[in-house]
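Peer 1: Sequence first, predicted coordinates after that:
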Amino acid sequence: MDAIILQTLNGLDKGSAYALIALGLTLIFGTLGVVNFAHGALFMIGAFCAVTLQRLLSASYTTLDETRTDFLGNPAKIETPYVEAWFGPDVGAGIIEWSVPLAILFSIPVMMLIGFAMERGLIKHFYKRPHADQILVTFGLAIVLQEIIKYFYGANPIPTPAPDALTGSFDFGALLGMDPNVIIYPYWRLVYFAFAALVIGAVFAFLQFTTFGMVVRAGMADRETVGLLGINIDKRFTIMFGLAACVAGLAGVMYAPINSPNYHMGMDFLVLSFVVVVVGGMGSLPGAVLAGFLLGILESFASMTQVINLIPGINQIIIYVVAIIVLLTRPRGLMGRKGVMEE
Amino acid sequence: MLGLGRKDFGLLVIVALLTLLAPFILNPFPSDSSLAQFNAGYPDLMQRFVIFGIFAIGFNILFGLTGYLSFGHAAFLGVGSYAAVWMFKLLTMNVIPAIILSVLIAGVFSLLIGYISLRRSGIYFSILTLAFAQMSFALAYSVLTPITNGETGLQIALDDPRILGVSQTADGSIPVTHLFGLEMRATEVVNMGPWQFQFSAGYYLCALLMLIAFYLAIRIFRSPFGMMLRAVKSNQQRLYYTGLNARPYTLAAFVISGMYAGLAGGLLAAMDPLAGAERMQWTASGEVVLMTILGGAGTLIGPVLGAGFIKYFENIFSKINDNVLHGWFAFLPDGIEDALVAVVHPFIGKGWHLTLGLLFVAVVIFLPGGLVEGGQRIARLFRRKPAPDTERAHQHTPAE
Amino acid sequence: MGILEVKDVNKRFGGLQALGDVNLSVRENTVHAIIGPNGAGKSTLLNCLVGKLIPDTGSVMFDGQSVLGRKPYEINQMGISRVFQTPEIFADLSVFENMMIPLFAKRDGSFRLHAFEGVGSERGLTQEAEAMLDEVNMLEKRDFHAGALSRGDKRRLEMAMCLIQRPRLLLLDEPTAGMARADTNNTIDLLKTIKAKRDITMCIIEHDMHVVFSLADRITVLAQGTPLVEDTPENIKGHPKVKEAYLGEAA
């Protein structure tokens, strides 16, 4: 029992990331009809938003302290971050420490802008072109974005810690009345899951309860008819692209403490997210979310020692195996609508 | 000639001349000149030109003709490499059995993957092939370590059996790959004045095989089979209602292109007997897509050009550094010189991939026909004679 | 006994009875038209004949063999060709190649790995293709890009592609839909010449009465998924049931 709870919990953080990326991919595919291979790059850029903000906040000036000397006998250099100078040492240090959660606010406008620029500048010209062309151009774009990040931030992963208050672990088992130390779970993973649930909920609420969302959903169902009603769907779709970019970016920001950001993390997640979308059903938002969590948890179960002993290497390939089985037996995916991208 | 039309035969002759004379053509600069770094006529690089040429020619038979975009072809290349290295370990260092086995194994492997993947089309097909390739990659890295030697990669060793050869040479070192005694690494260096040309046995073996591969591709393109593949791309519905089953056609194309990839993988191992899982990664699959698109998908010569182009610039671009740039722009005033170097800097050296990505995006947007289309446009500009245009216009606006 | 025998075919889509107890017999070497108002089930019936849909109950026999459960390409190999409402051709290929594909399909079956000889090296087939193009007055457009043809030419090319397979039954799905009057008349003439030159059975689904009465030997009227009458054009013209079925349409 406790093993099941533990593995389910372990699967939640990856599952959340898959679900968030797949949600964005599906929003773009469902509204714009574009297969976006650059979506992983948006996730990666989100993670680097966290890195950037941390660096910006840590920007400091140097003063010389004549009273102390370093080992060469020169006056010691003291680095003081500007924020500490401005807000006092305690508040300043706090701000730096909480840079990852703060990066959520920072990343929203940044990702929106990147999303708008991508859609207006490039994607919009590919609506009418074949899916193969869309794949190719977004694939090229992904390489470009990845290389730009690599140019500015280097090729090595950059550790981006979460606030101290949220870095520890807690005894989840004890909360459920089980023996202590059976299920130890890091706070940040729980935070990530809660955050993902919040974002997903917000996206669904937005689509469900606003007029804007209603038009977009109508557009996903039947773009031409909505166009005929005289509604300017293109403008809304641009905003949807920005929103999808935001969702991917937020997923990346909060993932930074779990996995130190590096320039190719997007590609790694992209391949899996595509698989998630396909399993969930192309064009189905609930399908994408469900499949994301399902596959994340499945992956976590497959990494249990007992399972690996039974079927070696299963943890590496479980997601692909599931995808292949789903595609061959139920090409629409778990919750896909009939007629979306079928032959 | 050789069962080809005049134009195709001419193309084959041109490609043959280019590959056979490559050691001269690619080394136009004297070896002590400052431009020598742009020489590409050394065996290692030339081998990669033709090997990836084979890979791209094969990929083009699938993608160029049928429009099925596979994102997992590197898996077949990797499988071919592993098969070849195992042949070197178990049987003999002669490259012939290794190459044959790598083609066959890749063929079987692609039959398996193709049979499943081709039950879907469009983006589903792309994702299925991607999933299979990533799966192969993950397995090669982990569970299949006894066969693939995991992260280290498969290499030949002193204690390999090599039933038909020797485990080690007389002086106790690892034997080298050869073709009936002709060592693949054997290189003849010819100095002509300040120029230096290298003729490598390995390169000429690869070049010969690429010419055969190219010749076969031309025959396929012009055959009823090739026509059916283009028909698959054009209108599957009509094909079905004309009494033809598209699936065996696409599967045959998939297997043929998988075998081309296997041949390329086998040759990579024959030139340098090791095989690693990273050859199967999806970025490697993406690379052959880039080559084919960049050169011109669906054209005969495009993939060869694309492969040569990417491999050449990968080598040359990544060697240019700031010092070289300063050398080029030295004639300019200092300020402008530094500014120019700063602007160009992100695109060279390690930044080569950025250039490649931008180039690729530009080609997909502005030049869907790749370098071949670019060449045709330029040729049309220079010809000034608008003959082909009127001909086209005439064909496209027939009397109603 | 007709060449095509449809017996008690039913097809439902959810709650909609698209076809109800359809019986139809197409006699060899005649032109049989199926007419009916919109939504009468004409296209559904056609799709059941070519293997795109499988009826819930009933049988469809072609020349004594059942077509049910067979794939479209197998049904074509049995001798049924189909002309679509909007011409379906290989738009990226040349007119000549469009003609060669059905010829290869006829000779080599549904698949043959014929990967080494050039397309043009098949003298016999080439001549056959050119003769057929000549018959539909398109020989001078032999090397045109098929996608660049006018709509009328596409229609003629598609018919030529079907005819070159010498089908025993040619199905035509509203061959004049969306055409101007002059084009419609050209198509009628073309079909008449085609019919006059060879033994072929045609089954036309059509909306346009002018086309139907110019061509058909027999007519089946379909309404709400069920055949109302089957008779010669002369008798159909004044038939009260037909008028009734079409009144809603006319109004």
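Peer 2: It's in.
Peer 1: And the helices in chain C, which stretches?
Peer 2: For chain C, the helices identified by DSSP state H occupy C:42-50, C:72-78, C:95-108, C:123-135, C:151-163, C:181-197, C:209-215, C:233-237, C:240-250, in order along the chain.
Peer 1: Model confidence for C:Tyr246, exactly?
Peer 2: pLDDT for C:Tyr246: 68.
Peer 1: which parts of the stretch 301-400 of chain B sit against chain A?
Peer 2: B:346, B:350-351, B:353-354, B:356-358, B:360-361, B:364-365, B:368 (CB under 8 Å from any CB of the partner chain). Backbone N, C-alpha and C define where each C-beta goes, glycine included.
Peer 1: still on that earlier bit, how about the helices of chain C, which one is nearest B:Ile51?
Peer 2: Among these, helix C:95-108 comes nearest to B:Ile51, with 33.1 Å by CB to CB.
Peer 1: which stretch of helix or strand covers B:Asn191?
Peer 2: Following DSSP states H and E, the helix or strand that holds B:Asn191 is strand B:187-192.
Peer 1: Mind listing what's buried along that strand?
Peer 2: For strand B:187-192, a neighbour-count test (16 or more other CB atoms under 10 Å in any protein chain shown) marks B:Thr187 as buried.
Peer 1: same deal with stretch B:149-165?
Peer 2: Under the neighbour-count rule (16+ other CB under 10 Å), stretch B:149-165 has B:149-150, B:153-156, B:160, B:162, B:165 buried.
Peer 1: How many neighbouring residues does the closest residue to A:Leu207 other than its chain neighbours have?
Peer 2: In this structure, A:Leu207 finds its nearest non-sequential neighbour in A:Gly213, 3.7 Å apart by CB to CB, 6 or more residues apart in numbering or on different chains. Here the number of neighbours of A:Gly213 (other CB atoms under 10 Å in any protein chain shown) works out to 17.
Peer 1: Show residues contacting whichever strand or helix holds A:Gly213.
Peer 2: Assigned by DSSP H and E, A:Gly213 falls within helix A:211-221. Among residues not part of helix A:211-221, those counted as contacts by CB atoms under 8 Å, 6 or more residues apart in numbering or on different chains are A:30-31, A:206-207, A:225-226, A:231, A:233, A:236-237, A:239-240, A:283.
Peer 1: which ones are touching C:Ile164?
Peer 2: C:Ile164 makes contact with C:99, C:102-103, C:106, C:128-129, C:132, according to CB under 8 Å, 6+ apart.
Peer 1: how about a cut-off of 6 Å?
Peer 2: C:Ile164 is in contact with C:102-103, C:132, counting by CB atoms under 6 Å, 6 or more residues apart in numbering or on different chains.
Peer 1: If we check chain B, which of these are in contact?
Peer 2: Intersecting those with the contacts of chain B gives C:Pro102 (criterion: CB under 6 Å from any CB of the partner chain).
Peer 1: Now the buried members of the contacts of C:Ile164.
Peer 2: Neighbour counting by 16+ other CB under 10 Å classes C:102-103, C:132 among the contacts of C:Ile164 as buried.
Peer 1: could you dump these to a markdown table with pLDDT?
Peer 2: As requested, the buried ones among the contacts of C:Ile164 are arranged in a markdown table below (pLDDT from 0 to 100):
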| residue | pLDDT |
| --- | --- |
| C:Pro102 | 95 |
| C:Leu103 | 95 |
| C:Met132 | 93 |
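Peer 1: Buried subset of the contacts of helix A:211-221 as a PyMOL selection?
Peer 2: To isolate the buried ones among these in PyMOL, judged by 16+ other CB under 10 Å, type:
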select buried, chain A and resi 30+31+207+226+233+236+237+239+240+283
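Peer 1: Now, the contacts of helix A:211-221 that are in helices?
Peer 2: For these, membership in helices holds for A:30-31, A:206-207, A:225-226, A:233, A:236-237, A:239-240, with DSSP H as the criterion.
Peer 1: which of the residues you listed lies closest to chain B?
Peer 2: A:Gly30 (13.5 Å; CB to the nearest CB).
Peer 1: shaky segments in the chain?
Peer 2: All of this refers to chain A. Applying pLDDT under 70 to chain A flags the ranges A:1, A:223, A:227, A:337-343.
Peer 1: The chain in question should be chain C.
Peer 2: Filtered on pLDDT under 70, chain C yields the residue ranges C:245-251.
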